[in-house]
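Enquirer: I would like the atomic coordinates for the input below:
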Amino acid sequence: MGLNDRVITGIEGFDKLVEGGFPKNSVVIVAGGPGAGKTIFSAQYIHHGALNGEKGVYVSFGETAEIFKEYMRRFGLDFQKLEKDGKAVILDLTVPKLGLETNLDLIEQEVRELDAKRLVIDSFSAIALALGEKVDVRTTLHMLTKIFREINCTTIMVVDISIGSKTIGTGLEEFLADGIVILDTSLANGQLQRNLLIRKMRGTNHSIKTCPYLITEQGIVIVE
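Expert: Just a heads-up that it's a prediction; the model follows:
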């Protein structure tokens, strides 16, 4: 797979861990517990693409678009300007829009109208929580991944990991994703430690080591 088949995330220190970026049109899970930086990671991915010719759609099920944009401004990510310039869309689905299928239609519509090449679903865990039954979760995952591949987007799907749990989300998501990036937080000597692990990434060689990372004023930075 060549450089033309890579989608550069723009997250400092990350792309070299996956031979230059995510494989094009892949579905990558970014998973972690509270405070791990999943939303920041995903926002940086959309922001970098929007500034470099790849428009993006950020779908938020967890917080309103206004709260998201205000939070991201703290890291120098001006999504208000990106929306004004027609380079990105923040799709606020914190209030359900007449059911799951309608929501999926809205996502697909926004991606096609913008001609987006990058997509973030934040988070699938919120969708799964609303569904409840595992059979519905499995059906929804198949529907989502089918849509992702049809619209030719390289997609991040945010998934929560409960504190103390070894399972990603419902346990079903990881089997349908092309890649899994774990953002882990733990306490060591009374201090919070953050480590990133790429559990899998189809179509590319990738680092198999845990990599420390920081959340800085410029967002997430992988430590050498």
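Enquirer: ok, the nearest residue to Thr204 once chain neighbours are set aside - contacts?
Expert: Spatial nearest neighbour of Thr204, excluding adjacent residues (CB to CB, 6 or more residues apart in numbering): Glu19 at 4.8 Å. From N, CA and C alone the C-beta is placed, and that goes for glycine too. Listed by CB atoms under 8 Å, 6 or more residues apart in numbering, the contact set of Glu19 reads Met1, Arg6, Thr204, Asn205, His206.
Enquirer: now, which of the residues you listed sits nearest Gly86?
Expert: Checking those against Gly86 by CB to CB gives Arg6 as the nearest, at 24.7 Å.
Enquirer: quick check: the gap between that closest one and Asn205.
Expert: Between Arg6 and Asn205 the computed distance is 12 Å (CB to CB, to the nearest Å).
Enquirer: looking at these two, which is more packed in?
Expert: The residue with more neighbours, out of Arg6 and Asn205, is Arg6; 19 against 10, by other CB atoms under 10 Å.
Enquirer: pretty sure that one is touching Ser26, no?
Expert: No: in this structure, Arg6 is not within contact of Ser26 by CB atoms under 8 Å, at 10.2 Å.
Enquirer: quick one: low-confidence ranges for the protein?
Expert: By pLDDT under 70, the low-scoring segments of the chain are 1-4, 96-98, 128-138, 162-175.
Enquirer: which residues touch the residue of it most remote from its centre?
Expert: Distance to the chain centre peaks in the chain at Asn189, reaching 30.4 Å (criterion: CA atoms, centre = their mean). Counting by CB under 8 Å, 6+ apart, Asn189 touches no other residue.
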